[in-house]
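# After the sequence you'll find the predicted model.
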Amino acid sequence: MNTTQRRYEIYEKLKKNKTVQVNELAKQYSVSLMTIRRDLDHLENQGLATKSYGGATLNESSSTEPSFEIKEGMSQSDKKEIAIYASTLIQDGDSIYLDCGTTCLELFKRIHHKKITIFTNFWKILQYVDRNTKAKIIMAPGTYNPVTQAALSESTIQFFQNYYIDKAFISVLGIDLDFGVSIPSMNDALVKKAILDSSNKKFCMVDHTKFNKKYMSKIADIDDFDMIITDKQLKDDFQRENIIKAH
């Protein structure tokens, strides 16, 4: 198991149990106590955990966001399911926006061979461009954010205000039927709002684990989206006409 996967699993244990112990983790993963302490340092530096003597406790804050590497390990099969369904909504000739997020990365892998125009501020996408890429990719400018691996600043907002995009695909961390869709970062939320204002069709891609969660920065109401695409594991309690389970 590599470092990224181990840290993801430790974070999942923290979310479930609210606390973890260094000795137990070292034994479970067959690594040194120092290695586990470095893993907990990583989570603490992101504001996700607080180290204590012999372990760490979960920080449950609406303003903290896991790193891209940790998010990449979450709900992988569900994200692929959502991305496959979303890819069927994109045709040659479309101009689309791809948000910064692991589900959007899965979507990019499935559409970059199409003759489309992709607007994005998500720099991670460039690592997956290859000789089969037929899409025209337009990168938004702005200040790089290492957590989201995207450009997020006033210049990013101004850039998107100059375009009209056929279809926007947005990723979020929280969705609540009353509060709407939200994320921890205000800068990220402002960029997403600018993109929604510049787009004709609006799609939100969110796996079932994000439901019933609220974060500090609201992006939009659920009804502001043409479609909320989620996975089959979402409970039937969440009923809205525009919430679609990928199939």
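Ah, there it is.
# wait, what's in contact with the residue most central in space within the chain?
For the chain, the residue sitting closest to the mean C-alpha position, by C-alpha atoms, centre = their mean, is Gly101 at 3.3 Å. Gly101 is in contact with Lys71, Phe122, Thr148, Ser171, Met205, counting by C-beta atoms under 8 Å, 6 or more residues apart in numbering. All C-beta atoms are positioned from the backbone trio N, CA, C, and that covers glycine.
# which one is the fourth one nearest to, not counting chain neighbours?
When the adjacent residues along the chain are set aside, Ser171 lies closest to Gly101, with 2.9 Å between them (C-beta to C-beta, 6 or more residues apart in numbering).
# what do you get for the third one?
Spatial nearest neighbour of Thr148, chain neighbours left out: Cys100 (4.5 Å); criterion: C-beta to C-beta, 6+ apart.
# circling back to that earlier point, any idea which of the contacts of Gly101 is least confident?
Lowest pLDDT among the contacts of Gly101: Lys71, with 57.
# And the biggest helix by length in the chain, what's buried?
Secondary structure of the chain per DSSP state H: the longest helix is helix 3-17. Judged by neighbour count (16 or more other C-beta atoms under 10 Å), helix 3-17 contains these buried residues: Arg6, Arg7, Tyr8, Glu9, Ile10, Tyr11, Lys13, Leu14.
# need those residues in a markdown table with pLDDT and distance to Thr50, can you?
As requested, those are exported to a markdown table (pLDDT from 0 to 100; distance: C-beta to C-beta, whole Å):
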| residue | pLDDT | distance to Thr50 |
| --- | --- | --- |
| Arg6 | 85 | 19 |
| Arg7 | 83 | 16 |
| Tyr8 | 77 | 19 |
| Glu9 | 83 | 19 |
| Ile10 | 87 | 14 |
| Tyr11 | 81 | 13 |
| Lys13 | 84 | 15 |
| Leu14 | 83 | 10 |
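# Closest one of these to Gln21?
Among the buried residues of helix 3-17, Lys13 lies closest to Gln21 (C-beta to C-beta), at 10.0 Å.
# separation between the residue of the chain most remote from its centre and Tyr29?
The C-alpha centroid of the chain is most remote from Tyr53, which lies 32.0 Å away (C-alpha atoms, centre = their mean). Separation of Tyr53 from Tyr29 (C-beta to C-beta, to the nearest Å) stands at 20 Å.
# Over to Ala135?
Ala135 is 40 Å from Tyr29, by C-beta to C-beta.
# try Arg37
Arg37 is 13 Å from Tyr29, by C-beta to C-beta.
# Kindly report the same for Gly180.
38 Å.
# Kindly report the same for Thr209.
Applying C-beta to C-beta, the value for Thr209 to Tyr29 is 23 Å.
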